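*Asks:* Show me the folded form of this:
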Amino acid sequence: MIKRELEKEIKKRSEAFPVVAILGPRQSGKTTLAKHIFKNYKYLSLENLTLREDAKSDPEGFLKVYDNEPGIILDEFQHVPELLSYIQLTVDVNRRPGFFILTGSQNFLMNRAISQTLAGRIAITTLLPLSITELENADLLPNLIEDLVFKGQYPELYSNEKLLPKNWYSNYIKTYIERDVRDLKNVQNLTTFSKFMKLCAARIGQVINFASLASDVEVDVVTAKSWLSLLETSYIIFFLQPYSAKFTRRLIKTPKLFFYDTGLASNLLNLRSVDDLKISPYRGNLIESLIISNIAKLYYNEDEQPNIYFLRDKTGHEIDCILEKTNSLMPIEIKSNMTAKMSFFDEINFWKNTDQIGGKKIEDGFIIYSGDETQKRTYGTFLSWKDIAKIKKYI
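*Replies:* Coordinates of the predicted model:
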């Protein structure tokens, strides 16, 4: 098993809270990690239809059967949200630290139920696919960034060398649509939804135009936004919000669309090989998505919410990523080039010469590029994509 950085945070939370939730996309390693940390716990998968029916028909009795266990892992608990009320009652009678471990991949069914029943009793963590740091620590990080973009970062692709990314992702998408989307309202036509996912991939790294997306897939804007929300809350995509503190310069207010996993996005874009990716017009946007998602993982793996944005004004001046700190903003530009160039700092320097943004000064920042060597120059630092963990000290 590849060591996961989130493990230490889950252990800490399990010592303080009676319920710990591990949320994230399917196949990100939630079950494997839960079983690894809580080896003596009773494991119950609510994907099992018999167990699911038992839990739905008699939630109280279902939990009482396992009351004498060291603890319980409830896998994919979103299938039986009724259990949460009974977990609350159990916890209020006997507050055993870390007794309930919940895993789930459908956040859209969970947040409302959790907020209504388990507030103050649960610690919620997020486990995304493997980070660059985790792969490097396991000596599994590819040498070239294009190889990582194409393969993606789902654990199974690194534990089974016989799996081909194109086959694995095709099955992943098929399973996601048939298992997670089929039963949800507002998705009557799964073929149209599949086309919608591909159109989202074609907009990776772009400021989202809801009307254009809806028009291309031939649905109304309300439906397009609903489907985007579904993809977001099931950890397929995420939106990078524009930094919008009060500022004299006119800033855009529409978010950018990114994928948590670039292997999945590459498959949706019908890129069949690394060579296809290298000549693809989407190469730069996919690399940007890889870096942005890995910056988000730096936060999630410390059990913190990502405090990241992008910055763009109406004239097109832009910084790819902004880390918001207490009194300043840390700018990060992302470049797909393998050669470091002084001109990469032009946008950062432009914004550094403006007034403070929302009362916060823009710091020197970094260029994250596709080269292998981190280089500190007199005018700034070029950070190799492999050294992205060095940003941690600035978070």
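*Asks:* excluding its backbone neighbours, what's nearest residue 85?
*Replies:* Nearest non-adjacent residue to residue 85, counting by C-beta to C-beta, 6 or more residues apart in numbering: residue 117, 5.3 Å away. Where you see a C-beta, it was placed from the backbone N, CA and C, and this is true even at glycine.
*Asks:* same deal with residue 24?
*Replies:* residue 127 (4.0 Å).
*Asks:* do residue 235 as well
*Replies:* residue 25 (3.6 Å).
*Asks:* Just list the residues touching the residue nearest to residue 85, thanks.
*Replies:* Shown in contact with residue 117 (C-beta atoms under 8 Å, 6 or more residues apart in numbering): 84-85, 87-88.
*Asks:* switch the cut-off to 10 Å
*Replies:* 19, 81-89, 91 (C-beta atoms under 10 Å, 6 or more residues apart in numbering).
*Asks:* pLDDT value on the residue nearest to residue 24, please?
*Replies:* Looking at residue 127, its pLDDT stands at 97.
*Asks:* how many neighbours does it have?
*Replies:* Here the number of neighbours of residue 127 (other C-beta atoms under 10 Å) works out to 26.
*Asks:* Quick check: phi and psi at it.
*Replies:* phi -110, psi 110 (degrees, to the nearest 10).
*Asks:* That one and residue 56: what is the separation?
*Replies:* Distance of residue 127 to residue 56, given as C-beta to C-beta, to the nearest Å: 26 Å.
*Asks:* Quick check: the residue nearest to residue 85 vs residue 90, distance?
*Replies:* 11 Å.
*Asks:* okay, and the common contacts of these two?
*Replies:* 19, 83.
*Asks:* What residues are bridge-paired with residue 125?
*Replies:* Note on residue 125: beta-bridge partners residue 22, judged by DSSP bridges.
*Asks:* Show the contacting residues for it.
*Replies:* 6, 9-10, 12-14, 20-24, 30, 33, 300-301, 303.
*Asks:* Can you select the buried ones from those residues in ChimeraX?
*Replies:* Restricted to buried positions by 16 or more other C-beta atoms under 10 Å, the ChimeraX selection for the contacts of residue 125 reads:
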select :6,9,10,13,14,20,21,22,23,24,30,33,300,301,303
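*Asks:* among the contacts of residue 125, which are in strands?
*Replies:* 20-23 (DSSP state E).
*Asks:* Turn those residues into TSV, including pLDDT and distance to residue 198.
*Replies:* Output for these, formatted as TSV (pLDDT from 0 to 100; distance: C-beta to C-beta, whole Å):
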residue	pLDDT	distance to residue 198
20	96	36
21	94	31
22	95	30
23	93	26
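*Asks:* how about the strands in the stretch 101-250 of the chain?
*Replies:* 122-126, 237-240 (DSSP state E, counting those that start in this stretch).
*Asks:* Excluding residues flanking it in the chain, which one is nearest residue 135?
*Replies:* residue 141 (4.2 Å).
*Asks:* what pLDDT does that neighbour get?
*Replies:* The predicted local confidence for residue 141 is 97.
*Asks:* thought it was touching residue 134?
*Replies:* Yes - if you go by C-beta atoms under 10 Å, residue 141 and residue 134 touch, sitting 8.9 Å apart.
*Asks:* overlap in contacts of those two?
*Replies:* residue 158.
*Asks:* Looking at these two, which is more packed in?
*Replies:* More crowded of residue 141 and residue 134, by other C-beta under 10 Å: residue 134, with 23 against 18.
*Asks:* and that one, what is it in contact with?
*Replies:* 2-6, 29, 140-141, 153, 155, 158, 297, 301, 389.
*Asks:* How much space separates residue 327 from residue 357?
*Replies:* 12 Å.
*Asks:* Same drill for the two, tell me which one is more crowded.
*Replies:* The neighbour comparison of residue 327 against residue 357 (other C-beta under 10 Å) goes to residue 357, with 22 against 9.
*Asks:* re earlier: any idea which of the ones in strands among the contacts of residue 125 is closest to residue 104?
*Replies:* residue 23 (5.4 Å; C-beta to C-beta).
*Asks:* Tell me who's in contact with the closest one.
*Replies:* So residue 23 contacts 30, 78, 102-107, 110-111, 114, 124-128, 233, 235, 300 (C-beta under 10 Å, 6+ apart).
*Asks:* Filter those down to the buried ones and express that as a PyMOL selection.
*Replies:* A single PyMOL command selects the buried members of the contacts of residue 23 (16+ other C-beta under 10 Å):
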select buried, resi 30+78+102+103+104+105+106+107+110+114+124+125+126+127+128+233+235+300
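*Asks:* Okay, and which of the contacts of residue 23 map to helices?
*Replies:* Of the contacts of residue 23, the ones assigned to helices by DSSP state H are 30, 111, 114, 233, 300.
*Asks:* For the second one, give me the pLDDT.
*Replies:* For residue 111, the pLDDT comes out at 61.
*Asks:* Likewise for the first one?
*Replies:* According to the predicted model, the pLDDT of residue 30 comes to 97.
*Asks:* swap in the third one?
*Replies:* As predicted, residue 114 sits at a pLDDT of 70.
*Asks:* Find the nearest non-adjacent residue to it, please.
*Replies:* Nearest non-adjacent residue to residue 114 (C-beta to C-beta, 6+ apart): residue 122, at 6.2 Å.
*Asks:* what's the distance between that neighbour and residue 103?
*Replies:* Taking C-beta to C-beta, one finds residue 122 at 13 Å from residue 103.
*Asks:* mind listing the helices in the stretch 251-395 of the chain by residue range?
*Replies:* For the stretch 251-395 of the chain, the helices defined by DSSP state H, counting those that start in this stretch cover 262-268, 274-278, 283-300, 346-352.
*Asks:* which one of those is the most hemmed in?
*Replies:* helix 262-268 (a mean of 27; mean count of other C-beta atoms under 10 Å).
*Asks:* Thanks again, I'm all set now.
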